[in-house]
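next one to model:
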Amino acid sequence: MEEVNVVMWIDVCGCLPLTVLIICSVCRMVRREHVPVIYYTNVLIANLIPLSMQIILVAKLDYNKNSIIYPSIFFCGAMASLYFKMCIALERYFLLAYPLLDCIRQTQGSVLVCVLVWVLCVVSVPLAIVLQDSSRLVIYALLPAPLFISCLAGTLKTLPAATSVPREEKQRVVGTLVLLLLNYFVMILPIIICKMLYCSYFYIAFIFFLLSPFVDLILFFFHV
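Okay, here's the model as predicted:
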């Protein structure tokens, strides 16, 4: 549909170069020993995968529409982005609720988690597409929902007790979790529901889904 093509052009011409630019900025932050941003970097890298696949669609390049390669790559990147945002939510929550339990916030622990997420997505998503089992993809996409809610609720509950954390850092944590929650329930969950119910408004939900990487760029301001 024409609206979907317009949004894809916006993604390719706007979101794709901005994502590359912010990845470069984040890498500079890491070299300068700023706050750990490994999960956020992986979110951006994962977003590059579906954004790059959209180039094939908007440029109308010759490809086999029946091939499972393109949807496998697209949804693998999208699922990895979703799960890395789940890691960000957990890391932010642990910062306030369990400051001594910092395994997920240490460099070695975060690298291990990132490797596990990539392996999980690279193996499970293409397998579900090959088996034409869309219910698996729906389950994978629904798993982060209770976690986003629990992390935000738990963080708001523990804010008064986290006296050792500066006020500015608390605001960043809450802002990050609110943004992740809104991103999921406004731009990701609707397309899952439409897929489950075979809703006729699927293409509208898909447009919101395509705009999700723009919201991920806003997370940069909570990591600087």
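
so which elements touch the lowest-mean-pLDDT helix or strand in the chain?
Ranking every helix and strand in the chain by mean pLDDT, DSSP states H and E puts helix 16-31 at the bottom, with a mean of 83. Applying 3 or more C-beta pairs under 8 Å, 6 or more residues apart in numbering; DSSP states H and E, one finds that helix 16-31 contacts helix 38-58, helix 212-218. Placement of C-beta: from N, CA and C, glycine included.

reformat these as TSV; add mean neighbour count.
Formatted as TSV, those follow (neighbours: other C-beta atoms under 10 Å):
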stretch	mean neighbour count
helix 38-58	20
helix 212-218	19
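
run through this structure and note the low-pLDDT ranges.
Applying pLDDT under 70 to the chain flags the ranges 1, 29-36, 60-66, 102-103, 223-224.

any chance you could map the helices in this structure?
2-10, 16-31, 38-58, 69-97, 107-130, 134-142, 144-158, 167-183, 189-197, 202-210, 212-218 (DSSP state H).

angle of the first one against helix 38-58?
In this case it means helix 2-10. Orientation check (axes from the mean of the first three to the mean of the last three C-alpha atoms, to 10 degrees): helix 2-10 against helix 38-58 gives 130 degrees.

what's helix 2-10 packed up against?
By 3+ C-beta pairs under 8 Å, 6+ apart, helix 2-10 packs against helix 38-58, helix 202-210.

nearest to residue 180, of those?
helix 38-58 (10.0 Å; C-beta to C-beta).

dump the closest one to PDB, restricted to CA.
Provided in PDB are the C-alpha atoms of helix 38-58 (Å, rounded to 0.1, in the frame of the first residue of the first chain):
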ATOM      1  CA  ILE A  38      26.200  -2.200  25.100                       C
ATOM      2  CA  TYR A  39      22.500  -3.200  25.100                       C
ATOM      3  CA  TYR A  40      21.500   0.100  23.500                       C
ATOM      4  CA  THR A  41      24.200  -0.400  20.800                       C
ATOM      5  CA  ASN A  42      22.800  -3.800  20.100                       C
ATOM      6  CA  VAL A  43      19.300  -2.400  19.800                       C
ATOM      7  CA  LEU A  44      20.500   0.000  17.100                       C
ATOM      8  CA  ILE A  45      22.500  -2.700  15.300                       C
ATOM      9  CA  ALA A  46      19.500  -4.900  15.300                       C
ATOM     10  CA  ASN A  47      17.300  -2.100  13.900                       C
ATOM     11  CA  LEU A  48      19.800  -1.700  11.000                       C
ATOM     12  CA  ILE A  49      18.800  -5.200   9.800                       C
ATOM     13  CA  PRO A  50      15.100  -4.500   9.100                       C
ATOM     14  CA  LEU A  51      15.900  -1.000   7.900                       C
ATOM     15  CA  SER A  52      18.400  -2.300   5.400                       C
ATOM     16  CA  MET A  53      15.800  -4.900   4.200                       C
ATOM     17  CA  GLN A  54      13.400  -2.100   3.500                       C
ATOM     18  CA  ILE A  55      15.900  -0.700   0.900                       C
ATOM     19  CA  ILE A  56      15.100  -3.800  -1.200                       C
ATOM     20  CA  LEU A  57      11.400  -3.100  -1.000                       C
ATOM     21  CA  VAL A  58      11.400   0.700  -1.600                       C
END
